[in-house]
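In: Take this sequence and fold it.
(chains A and B)
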Amino acid sequence: DAKTTQPPSMDCAEGRAANLPCNHSTISGNEYVYWYRQIHSQGPQYIIHGLKNNETNEMASLIITEDRKSSTLILPHATLRDTAVYYCIVKTNTGTASKLTFGTGTRLQVTL
Amino acid sequence: DSGVTQTPKHLITATGQRVTLRCSPRSGDLSVYWYQQSLDQGLQFLIQYYNGEERAKGNILERFSAQQFPDLHSELNLSSLELGDSALYFCASSPRGETQYFGPGTRLLVL
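Out: As a prediction, the model looks like this:
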């Protein structure tokens, strides 16, 4: 699975949009971009994933560049509860053998 | 709530002992994954089972073993425990190999 690069930390004011970048320049054509977050030692929480097109769900939006070498997770209106470590992971979805390779992620601090 | 359950939530034991962690996947999910999160190593994949068979293996120690039962629940067995095995152990499940949903974890403390 391709390696990802994320900034170690970011701050965001409550109510503002949080834009979390991720570089995955060696991503393969069949690899998806996944985002998870972990709130203080809780189990990682799935947020969103995508292959080529931009995706949106009730939690966030995922913007993937046309060359697929980078992506941005957008939390449109960050709240204090969004303070967490955010992980960008790329992996295939083919077959039944699968694993998630977690990096160090981005620690997002949402402040008043 | 992801639908994945893990027991126990906390476990305190001594070095040299053996423990068993249990995971029940989401209804209908055939794949179960185990991950370890320690302070110095981050989240690391240990092993995956799919419909009762081992499907992928990560950096799992020989002292650790896992299995998935016919009802699809899984157990992770940790033996000859060392201080360094103290960590959070997470289980995740997915229908096959797609999006994984994580349980709340078991916090293991080896004294």
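In: need the contact list for the spatially most central residue of chain A.
Out: The residue at the geometric middle of chain A, judged as the C-alpha nearest the mean C-alpha position with Cα atoms, centre = their mean, is residue A:35 (3.2 Å). Applying Cβ atoms under 8 Å, 6 or more residues apart in numbering or on different chains to residue A:35 gives the contacts A:20, A:22, A:46-49, A:60, A:62, A:73, A:86-89. Bear in mind the C-beta positions are built from the backbone N, C-alpha and C, glycine included.
In: now do residue B:16
Out: B:80-81.
In: just to revisit the earlier point, show me the contacts of residue A:35 that map onto strands.
Out: Among the contacts of residue A:35, the members falling in strands are A:20, A:22, A:46-49, A:62, A:73, A:86-89 (criterion: DSSP state E).
In: Filter the residues you listed down to the buried ones and hand me the PyMOL line.
Out: Entered in PyMOL, the line below selects the buried ones among the ones in strands among the contacts of residue A:35, by 16 or more other Cβ atoms under 10 Å in any protein chain shown:
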select buried, chain A and resi 20+22+46+47+48+49+62+73+86+87+88+89
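In: So which of the ones in strands among the contacts of residue A:35 reach chain B?
Out: When these are filtered against chain B using Cβ under 8 Å from any Cβ of the partner chain, the residues retained are A:46, A:49, A:87.
In: pLDDT for those - can I get that in JSON lines?
Out: Listed next are these as JSON lines, based on pLDDT from 0 to 100:
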{"residue": "A:46", "pLDDT": "97"}
{"residue": "A:49", "pLDDT": "96"}
{"residue": "A:87", "pLDDT": "98"}
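In: In contact with the residue lying closest to residue A:100 once chain neighbours are set aside, which residues?
Out: When the adjacent residues along the chain are set aside, residue A:100 lies closest to residue A:89, with 5.3 Å between them (Cβ to Cβ, 6 or more residues apart in numbering or on different chains). The neighbourhood of residue A:89, defined by Cβ under 8 Å, 6+ apart, consists of A:1, A:4, A:33-36, A:100-103.
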